[in-house]
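# just need the structure, nothing else, for what follows:
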Amino acid sequence: MMSIKLLSVGFVILLVVVYVVSFLTVIGNQQQQQQQQQIPSVRGGGGAATMEKKINGIDQQQQEIQHDEYDKVAVERLGADEQDYEQAPVSAIQQHDKANNHDGGGVGDAVTIGWAVTITGCGVDPITEGAAVLMHSIHLASIRGNMNGRYNYKMYAIYHPDAIKCAKTLESLGYELVERETPVAVKDIQGEYLKSKIHKNGCCGEKELVKLEAYTLTQHPIIVHMDLDTLVLNPLDYLFDWMLADDSSSYDVSDVPIMWKDEPSPKKVNAMFTRDYNMGGGRKKKNRSVQGGFLILRPDLDVYNEFVEIIRKGDFRESGGWGGQTGVFYGSMTFQGIVPYYYDFLHPGEGVELDRCTVNQMADNPRNKRTVNDIVNGDCMTGEDECEDCRSHPLEDILTAHFTLCQKPWICIPQDSDMIQQRLCRKLHHQWHRIRSDLEQSWGRAEIGPGTYQPEHFYGHCNTHSGKGYVYIEEPFGIQ
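Numbers count the residues shown, from 1 in each chain. Here you go, the predicted structure:
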């Protein structure tokens, strides 16, 4: 009887030992796998980096998110052959940041500037391409880049609900999406003339006013609003410094590219912008058009609410513009007209016009007649006797560029004729493709893409001289 009991006890002890050994083995294997997962492994393949199964402990299954209908429809207009290049799954590192509440900020004690773009609808331009390169240019000019910038950044994409299908792709790049309706519904505008005309005004009708939603991003001391066809070439730190100064009027503005240096400095700078003199002409007192692709602003809900009331009242006159004072020009009913109305007439001394050759550079003709054989003709659009030709401005002195007259970089126009109209445009296009190349190199990809059309200029991003020849950034988007 005693033998049977001893055998039973021995058997139970043996089972316990086997279980403990098995458990310890499983735990050891899991720890080893976790250690391996924490080491990012990249292997080359066809000139583009391919991430291994695990990156920073994030399962590849998480990385390979299925594209929903928003992503697919977002690129529908680009053509079936190009859709594969435009869809953008969320990168592993961005999922990891989101899971750990990292917003990309927190670089030391640097002030974080908010950078915003607005999407009013889904057009034919490849939104993701412009957004990716713009964001990387901002990155390079920030404290996280290689240009000695002193400010941190965070990206926002403000979009009208009608644009969700194409705005969705920007989230995968690191933009925070902000959905907003127009500040005032057209039916609620009291002024009958504005109510009946605004939906056809400018590029985007009343939806262009969604840009004013940037004033509501009060979590940042400064917001820079730019169009997606723009590029940052140098840090804007001197502009931020001036705006954040306790007394702007006593600040040394020798490094600030002010358009009219003879004007007194505001005690507090609340906005900085450039004007589009080609829209109206006749010096600043006659032309009140603000160029809609660039605005530095101090976010403020009181300012936003005042804009809302201005729109709701709708005092836009057929021959005089807002309040009968701003004039009538392209887009004057929306952003390009209401911003100068606010800062020129309602709150003078709060906004500053910047030099358009240095900021928001568009390589435009400064005079009212054609340039022939590099010789300018006609009167200055600014009303000055002599005016700078922005097309001859040194590239190294340009802070931001706007691809309007130069056309979009993804159309692959060589701009290689030896004439003033094309020299600067070619340089600016080259910079856009250089920054795209730098972005892809930061992901471990090749410096030069597979495109064969002027690869030394377009960095292998073009196969032919046309938008159809553009080589899209391949997914998945990598890590910076």
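# any idea how far residue 189 is from residue 400?
Using C-beta to C-beta, to the nearest Å, we find residue 400 at a distance of 33 Å from residue 189. Where C-beta positions appear, they are placed from N, C-alpha and C, glycine not excepted.
# these two: who's more crowded?
Neighbour count, other C-beta atoms under 10 Å: between residue 400 and residue 189, residue 400 has more, with 24 against 19.
# what bridges to that one?
residue 232 (DSSP bridges).
# the stretch 151-300 of the chain: helices as residue ranges?
Counting by DSSP state H, counting those that start in this stretch, the stretch 151-300 of the chain has helices at residues 164-171, 192-197, 237-244, 283-286.
# my read is residue 136 is in a helix, agree?
Yes: assessed by DSSP: H, G, I helix; E, B strand; the rest coil, residue 136 belongs to a helix.
# is it true that it touches residue 436?
Yes: at 7.5 Å, residue 136 and residue 436 qualify as touching, with contact defined as C-beta atoms under 8 Å.
# which ones are touching the residue nearest to residue 226 when sequence neighbours are not counted?
Excluding the flanking residues, the one nearest residue 226 by C-beta to C-beta, 6 or more residues apart in numbering is residue 294, at 5.7 Å. Counting by C-beta atoms under 8 Å, 6 or more residues apart in numbering, residue 294 makes contact with 224-227, 230, 273-274, 359-360, 400, 402.
# please report how far residue 294 lies from residue 130.
Noted for residue 294: a distance of 14 Å to residue 130, by C-beta to C-beta.
# what's the answer for residue 317, then?
Counting by C-beta to C-beta, the gap from residue 317 to residue 130 is 36 Å.
# more crowded one of those two?
Set residue 317 next to residue 130 and count neighbours by other C-beta under 10 Å: residue 130 wins out with 22 against 15.
# could you find the closest non-adjacent residue to residue 259?
residue 353 (4.3 Å).
# that neighbour: helix or strand, and which one exactly?
Taking DSSP states H and E as the criterion, residue 353 maps to strand 351-353.
# list of residues touching that strand?
258-260, 265-266, 269-275, 284, 342-344.
# if you set the cut-off to 7 Å instead, what comes out?
Contact with strand 351-353 is made by 258-260, 266, 269-275, 343, as judged by C-beta atoms under 7 Å, 6 or more residues apart in numbering.
# give me the buried subset of those.
Among the contacts of strand 351-353, the ones that count as buried by 16 or more other C-beta atoms under 10 Å are 258-259, 266, 269-275, 343.
# restricted to strands, list these.
271-275 (DSSP state E).
# so how far is stretch 399-410 from its chain's centroid?
Distance of stretch 399-410 from the chain centroid (C-alpha atoms, centre = their mean, to the nearest Å) equals 13 Å.
# what residues of that stretch count as buried?
Buried residues in stretch 399-410 (16+ other C-beta under 10 Å): 399-404, 406, 408-410.
# distance to residue 444 for these - can I get that in JSON lines?
Converted to JSON lines, the buried residues of stretch 399-410 look like this (distance: C-beta to C-beta, whole Å):
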{"residue": "399", "distance to residue 444": "30"}
{"residue": "400", "distance to residue 444": "28"}
{"residue": "401", "distance to residue 444": "28"}
{"residue": "402", "distance to residue 444": "31"}
{"residue": "403", "distance to residue 444": "28"}
{"residue": "404", "distance to residue 444": "34"}
{"residue": "406", "distance to residue 444": "31"}
{"residue": "408", "distance to residue 444": "27"}
{"residue": "409", "distance to residue 444": "23"}
{"residue": "410", "distance to residue 444": "23"}
